[in-house]
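Undergrad: coords please:
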Amino acid sequence: MKFDFTGLTVVITGASSGIGREFARAMAAKGCRLIMVARREDRMRELAGELGVPCEILTADLSREEECNRVIETISGQGASVLINCAGFGLLGATVEHSLDEELSMIDLNIRAVHILTRRFLDLLKESDKGAILNVASCAGLLPAGPYLNTYYATKAYVASFTQGLAQELRDMKSGIYVGALCPGPVYTEFTQVARGKEWSSALTPEQVVEYAVRKMEKRKVLIVPGAGIRAGLFGTRLLSRGAVAKIIGKGQKGRTEE
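TA: Next comes the predicted model:
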């Protein structure tokens with residue numbers, strides 16, 4: 001059965017930029033009421049002014065557990081039926097060159113926040129047994145390892161695995177709740193700037209990623225991988241050993257680190 005977003009209340013984390021920002025535009029186009037969550041309030045207010053639909057803005061640092069809980073408590077009782085987890089970041093370079101605090105912050109945002117928000121949002125959906133959760137992972141999470149973007153790859157592997165497992169559990173329960181993992185390859189966003197590395201030589205736009213993702217969400221696709229080239233590349237890695245794939249990825253990522 002097709003998932004229909006029309007008129008629903010949608011919560012979007014990481015809504016101030018990149019993929020999250022484009023999801024806000026896509027959901028607004030479907031007449032959804034939005035609850036946008038990010039650290040940068042000014043950007044969300046500017047976006048809300050463009051969308052022409054009711055928007056609630058929640059400023060939060062989701063790397064902190066108490067902030068994740070505050071978001072859930074705020075939206076509880078508002079009839080939110082869709083959660084799109086976009087917040088996250090990466091760090092290019094050798095693991096030993098990063099500060100431990102930065103890496104732990106990444107783990108807190110990319111893993112703990114996603115897990116907490118997903119788990120607690122499911123509790124909100126239990127009574128109606130309908131709704132949707134999309135966790136933005138990465139094609140990185142479908143690969144064996146990612147030298148020079150190491151912790152990021154590991155966090156996205158968690159998100160992809162957790163989400164696919166959860167989706168199967170819900171299917172086994174005959175639940176009406178849809179859960180999916182979006183696993184894009186390179187996307188032209190602020191990711192590389194935040195990660196302190198060189199820009200991708202080729203990538204999809206956030207608009208392309210979100211347009212594809214929404215179509216697949218409507219079909220209740222669990223694993224969503226935008227881009228024919230990325231899908232072909234992932235298939236090709238099955239022909240190589242895990243060590244060979246890690247070596248190839250490491251060579252490419254090392255070339256993108258700032259000098």
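Undergrad: stretch 6-19 - what's its average pLDDT?
TA: Stretch 6-19 carries an average pLDDT of 95.
Undergrad: for it, the distance to its chain's centre please.
TA: 11 Å (C-alpha atoms, centre = their mean, to the nearest Å).
Undergrad: check the separation of the first and last residues in it.
TA: 20 Å (C-alpha to C-alpha, to the nearest Å).
Undergrad: pull out the buried residues from that stretch.
TA: Buried residues in stretch 6-19, counted by 16 or more other C-beta atoms under 10 Å: 8-19. Glycine gets a C-beta too; all of them are placed from N, C-alpha and C.
Undergrad: need the max-distance pair from those residues.
TA: Greatest spacing in the buried residues of stretch 6-19, by C-beta to C-beta: L8 and S17 (22.9 Å).
Undergrad: quick one, helices of the chain?
TA: Taking DSSP state H as the test, the helices found in the chain are 18-29, 41-51, 65-75, 100-107, 114-125, 150-172, 191-195, 206-218, 228-237, 242-254.
Undergrad: just so I know, which of the ones you listed lies nearest M1?
TA: Taking those one by one with C-beta to C-beta, helix 206-218 is closest: 10.2 Å.
Undergrad: okay, which residue is most central for the chain?
TA: The residue lying closest to the centre of the chain (C-alpha atoms, centre = their mean) is V136, at 1.9 Å.
Undergrad: and the gap between it and G18?
TA: 10 Å (C-beta to C-beta, to the nearest Å).
Undergrad: what touches both of those two?
TA: Residues touching both V136 and G18 (C-beta atoms under 8 Å, 6 or more residues apart in numbering) are C86.
Undergrad: ok, the residue nearest to the centre of the chain touching N85?
TA: Yes - V136 lies in contact with N85 (C-beta atoms under 8 Å); the separation is 6.0 Å.
Undergrad: need the overlap of contacts for the two.
TA: With C-beta under 8 Å, 6+ apart as the test, V136 and N85 both reach G14.
Undergrad: pLDDT weak spots in the stretch 101-250 of the chain?
TA: 189-202, 245 (pLDDT under 70).
Undergrad: if we use 50, what do you get?
TA: Residue ranges of the stretch 101-250 of the chain with pLDDT under 50: 194-195, 197.
Undergrad: what's the burial count for the nearest residue to G250 once chain neighbours are set aside?
TA: For G250, ignoring the flanking residues on the chain, the nearest one in space by C-beta to C-beta, 6 or more residues apart in numbering is P147 at 3.1 Å. P147: 17 surrounding residues under other C-beta atoms under 10 Å.
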